[in-house]
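Participant: Mind folding the following:
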Amino acid sequence: MPNGARFMIGFDLGLILFAFLTAVIDIIFGMGFGLTMTPILIFLSYSPKEIVPALLLSSLIGNILSSYFNHRLKNADFSLGSRSFNIVVVIGTIGVLGSVFGALMNKGISDTYLSLYIGAIITGSGFFILLNKKMTTAFSWFKVTGIGLFGSFNKGISGSGFGPIITTGLLYMGVNEKEAVSIQGFAELFVSLIGFSTFLISGASINWALTTSIGIGVAAAAPLAAFIVQKAERGKLRDAIGYITIILGAATIVKVFI
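Facilitator: Next comes the predicted model:
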């Protein structure tokens, strides 16, 4: 918090708690960190120029740690050559290209239309998961590439949409819930790394007190969230992902009119 009490080294307990709670939700359900932390930080009077690099670096920390713990707890198998690892490589690689293309497209589209578009896509994905629980399509690398490009393009033009699209897309292809949320977190690592590196290379000023506080909260959340994913019942986790997706999509739409 800009005027809140901090430790001498710059930690903000309030920010750590907010980041911890939102990161737990994000890692469990494969979505929600950026969509929830951004309005919280804006409400606390941080500027977008401070928020974006802070969220990118803290996301990167969460992506690395959650991937490690998800592999360790067998939520997904990320050993070299495994299917999960190969999906991560495909989505992560195409994700970098898609996010760059989306960012270039961003300049010609209004924020209002972008928010309505992303909100509709996310909400629709959630309803699809809940209403078509047994409906799946055959897994293919072409489809994996497609959702990677689509999700990263949306993230590039709006800053959100990657998690819900990747997670729901994998579920639709028959990937189990625990593996899907784990893959999404690992694949997003590529996008987070490129995004934050771009800020550093461009010489942008980083609010390290903000970034460090959020990063601590995210790091603390990773092992707990991976453990919860391990213990969750697969059918109930799928339903919860559907409901969370609808809530986040609806919140994105509502935010346009507030």
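Participant: which residues touch Met182?
Facilitator: Check again: residue 182 is Ser, not Met. By Cβ atoms under 8 Å, 6 or more residues apart in numbering, the contact set of Ser182 is Ser66, Ser67, Asn70, His71, Asn75, Ala76, Phe78, Ser84, Val229. (C-beta placed from N, C-alpha, C; glycine too.)
Participant: Mind doing that once more with 6 Å?
Facilitator: Going by Cβ atoms under 6 Å, 6 or more residues apart in numbering, Ser182 touches Asn70, Asn75, Ala76.
Participant: How much space separates Ser59 from Gly242?
Facilitator: Using Cβ to Cβ, to the nearest Å, Ser59 is found at 23 Å from Gly242.
Participant: Which residue of the two possesses the greater neighbour count?
Facilitator: Legend: neighbour count by other Cβ atoms under 10 Å for Ser59 and Gly242, higher for Ser59 (27 against 22).
Participant: what are the phi and psi values for that one?
Facilitator: Note on Ser59: backbone dihedrals following degrees, to the nearest 10 are phi -60, psi -40.
Participant: Can you tell me the closest non-neighbouring residue to it?
Facilitator: The shortest distance from Ser59 to any non-neighbouring residue, by Cβ to Cβ, 6 or more residues apart in numbering, is to Ser192 (4.4 Å).
Participant: buried ones in the lowest-mean-pLDDT helix or strand in the chain?
Facilitator: Sorting the helices and strands of the chain by mean pLDDT, DSSP states H and E puts helix 111-131 at the bottom, at a mean of 79. Residues of helix 111-131 classed as buried by neighbour count (16 or more other Cβ atoms under 10 Å): Leu114, Ser115, Tyr117, Ile118, Gly119, Ile121, Ile122, Thr123, Ser125, Gly126, Phe128, Ile129.
Participant: And stretch 57-71, by the same measure?
Facilitator: For stretch 57-71, burial by neighbour count (16+ other Cβ under 10 Å) applies to 57-67, 69-71.
Participant: Same check on stretch 194-214?
Facilitator: For stretch 194-214, burial by neighbour count (16+ other Cβ under 10 Å) applies to Ile194, Gly195, Phe196, Phe199, Ile206, Asn207, Ala209, Leu210, Thr211, Thr212, Ser213, Ile214.
Participant: Just name the closest of these to Thr22, please.
Facilitator: Ile214 (9.3 Å; Cβ to Cβ).
Participant: which SSE is the closest one in?
Facilitator: Per DSSP states H and E, Ile214 falls inside helix 208-231.
Participant: quick one: contacts for the residue lying closest to Ala226 once chain neighbours are set aside?
Facilitator: If the residues on either side of it in the chain are set aside, Ala226 comes closest to Phe69, at 3.5 Å by Cβ to Cβ, 6+ apart. Contacts for Phe69 (Cβ under 6 Å, 6+ apart) come out as Ala222, Pro223, Ala226.
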